[in-house]
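Colleague: got a sequence here, can you model it:
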Amino acid sequence: MPRWKPLPEELDPEIRDFASQMRRLVDRSGLSLSALSDKTGYSKTSWERYLGGRLLPPQGAVSALADVTGTDVRHLATLWELAERAWSRAEMRHDMTMEAIRISQAREALEAAEAAEAAEAGAAKGRRRQRNAPGRPAPDAVPGPGGPGGTGSAATTALRTSPEAAPGAPVPSHAAARPTPQGPRPAPGRPAPRRTAARAAEPPSGGRRVTMLLAGGVSALAVLAATFFFVDLPGDGDEAAAEPTPPPRKVTEPKLPDGVLCSGADCTGEDPELMGCGGQYAETTSDAMIGAAYVEVRYSEVCEAAWARIGAAEPGDTVVITADTDARASQDLGENTEGYTMMVAAKSPDVVRICVERAGTSQGCTVR
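Modeller: Alright, predicted model coming up:
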């Protein structure tokens, strides 16, 4: 079974060449990853990532590998510089791709919201046209006089039920008991004089009052129904006010890429390599010379964190990095001449400052 897994196909040729060279050095030395970790001071997990082409090792790890394998560090450093430039190009391409994805997602969300609003407006307009359609009967309309249940029917009923409205009709028994009005009686054999048509058609006083009350009640109901119908019709302003407001879209935090384990304040005090913030997710944003030492600001936009890297330092130097959030990290190089610090949270690399100390005395700092 081969010791190494195949390198990813998408690796840049310069990164692939550097990773292959490191694998050859480890194979030639006969060291296992555990032994390599013990001798270099970098974890076994970090070396698996370095040798697998997933992360670019820091300069300190490259120098340590050269020491334990007896290799000329200058040749290995040249390959590392070429690989680092390739990492930077890959980072730029990744950033542009992620930006294009975010823009596409934002456009799709806006188009979906506009389509939903247009559909809701169209449905509301259709409901308005349906309510305002001509010929639609008014709610609770009451037929006017003369119609079914109107005053004309009541008057007709009153006339039909009046005993005097129908000449020649049989007279109820209680009418026979009424006293006969005073006046000359017709002579025997002469027919009784007939009442005029107007008097015969006139209803009794009680029926007339009932008819008037019914007519007044029907008219009042018709007025109330018409008032309710016209007042209750909503206008355009009411309809617009009644339209539901679409719920606000939730803004979710961007998901961290695979292998990245922290972001922002969670990264303070953590190793950038172990947290996945280095390699393709980091870049050198500025550098400077402090005495004979060369210092760099390494920044990861994905992790929103920065760390300091130093080379060509004196043994015993300490490199310190601070940010505007009062976050601070330092690394005592001991017998080494290069190394890097833990991370500090930083919204941008412009708020970071690096200092080099020797025996507690400041040797110089970068300008923030």
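Colleague: for the stretch 1-150 of the chain, just list every one of the helices.
Modeller: All helices of the stretch 1-150 of the chain, identified by DSSP state H, counting those that start in this stretch, fall at 13-29, 33-40, 44-51, 59-69, 73-131.
Colleague: reformat these as JSON lines; add mean pLDDT, mean neighbour count and distance to D317.
Modeller: C-betas here are computed from N, CA, C, even on glycine. Listed next are the helices of the stretch 1-150 of the chain as JSON lines, based on pLDDT from 0 to 100; neighbours: other Cβ atoms under 10 Å; distance: least, Cβ to Cβ, whole Å:
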{"stretch": "helix 13-29", "mean pLDDT": "90", "mean neighbour count": "18", "distance to D317": "27"}
{"stretch": "helix 33-40", "mean pLDDT": "90", "mean neighbour count": "16", "distance to D317": "20"}
{"stretch": "helix 44-51", "mean pLDDT": "90", "mean neighbour count": "19", "distance to D317": "23"}
{"stretch": "helix 59-69", "mean pLDDT": "90", "mean neighbour count": "20", "distance to D317": "13"}
{"stretch": "helix 73-131", "mean pLDDT": "77", "mean neighbour count": "13", "distance to D317": "19"}
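Colleague: out of these, nearest to T318?
Modeller: Set against T318 and scored by Cβ to Cβ, those come closest in helix 59-69, at 14.5 Å.
Colleague: right, so of the helices of the stretch 1-150 of the chain, which gets closest to P315?
Modeller: Among the helices of the stretch 1-150 of the chain, helix 59-69 comes nearest to P315, with 13.1 Å by Cβ to Cβ.
Colleague: quick one: the closest one to helix 44-51, angle?
Modeller: For helix 59-69 against helix 44-51, the angle by axes from the mean of the first three to the mean of the last three Cα atoms, to 10 degrees is 90 degrees.
Colleague: what's helix 59-69 packed up against?
Modeller: helix 13-29, helix 33-40, helix 44-51, helix 73-131 (3 or more Cβ pairs under 8 Å, 6 or more residues apart in numbering; DSSP states H and E).
Colleague: with distance to R353 added, can I get those in CSV?
Modeller: Formatted as CSV, those follow (distance: least, Cβ to Cβ, whole Å):
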stretch, distance to R353
helix 13-29, 31
helix 33-40, 29
helix 44-51, 27
helix 73-131, 23
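Colleague: look up how far E111 lies from the residue nearest to L11 when sequence neighbours are not counted.
Modeller: Leaving aside its chain neighbours, L11 sits nearest to G53 (5.1 Å; criterion: Cβ to Cβ, 6 or more residues apart in numbering). Applying Cβ to Cβ, to the nearest Å, the value for G53 to E111 is 40 Å.
Colleague: next: S20.
Modeller: Distance from S20 to E111, by Cβ to Cβ: 47 Å.
Colleague: so Q331 sits in a helix?
Modeller: No: the assignment for Q331 by DSSP: H, G, I helix; E, B strand; the rest coil gives strand, which leaves it out of any helix.
Colleague: OK, contacts around the nearest residue to it once chain neighbours are set aside?
Modeller: Once flanking residues are discounted, Q331 sits nearest to T341: 4.4 Å by Cβ to Cβ, 6+ apart. Neighbouring residues of T341 by Cβ atoms under 8 Å, 6 or more residues apart in numbering: 307-309, 319-321, 329-331.
Colleague: pLDDT, distance to G364 and neighbour count added to the residues you listed, as JSON lines?
Modeller: What follows is the contacts of T341, written out as JSON lines (pLDDT from 0 to 100; distance: Cβ to Cβ, whole Å; neighbours: other Cβ atoms under 10 Å):
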{"residue": "W307", "pLDDT": "95", "distance to G364": "19", "neighbour count": "31"}
{"residue": "A308", "pLDDT": "95", "distance to G364": "13", "neighbour count": "27"}
{"residue": "R309", "pLDDT": "91", "distance to G364": "16", "neighbour count": "25"}
{"residue": "V319", "pLDDT": "94", "distance to G364": "11", "neighbour count": "26"}
{"residue": "V320", "pLDDT": "95", "distance to G364": "11", "neighbour count": "17"}
{"residue": "I321", "pLDDT": "95", "distance to G364": "14", "neighbour count": "28"}
{"residue": "A329", "pLDDT": "94", "distance to G364": "18", "neighbour count": "21"}
{"residue": "S330", "pLDDT": "93", "distance to G364": "15", "neighbour count": "14"}
{"residue": "Q331", "pLDDT": "93", "distance to G364": "16", "neighbour count": "20"}
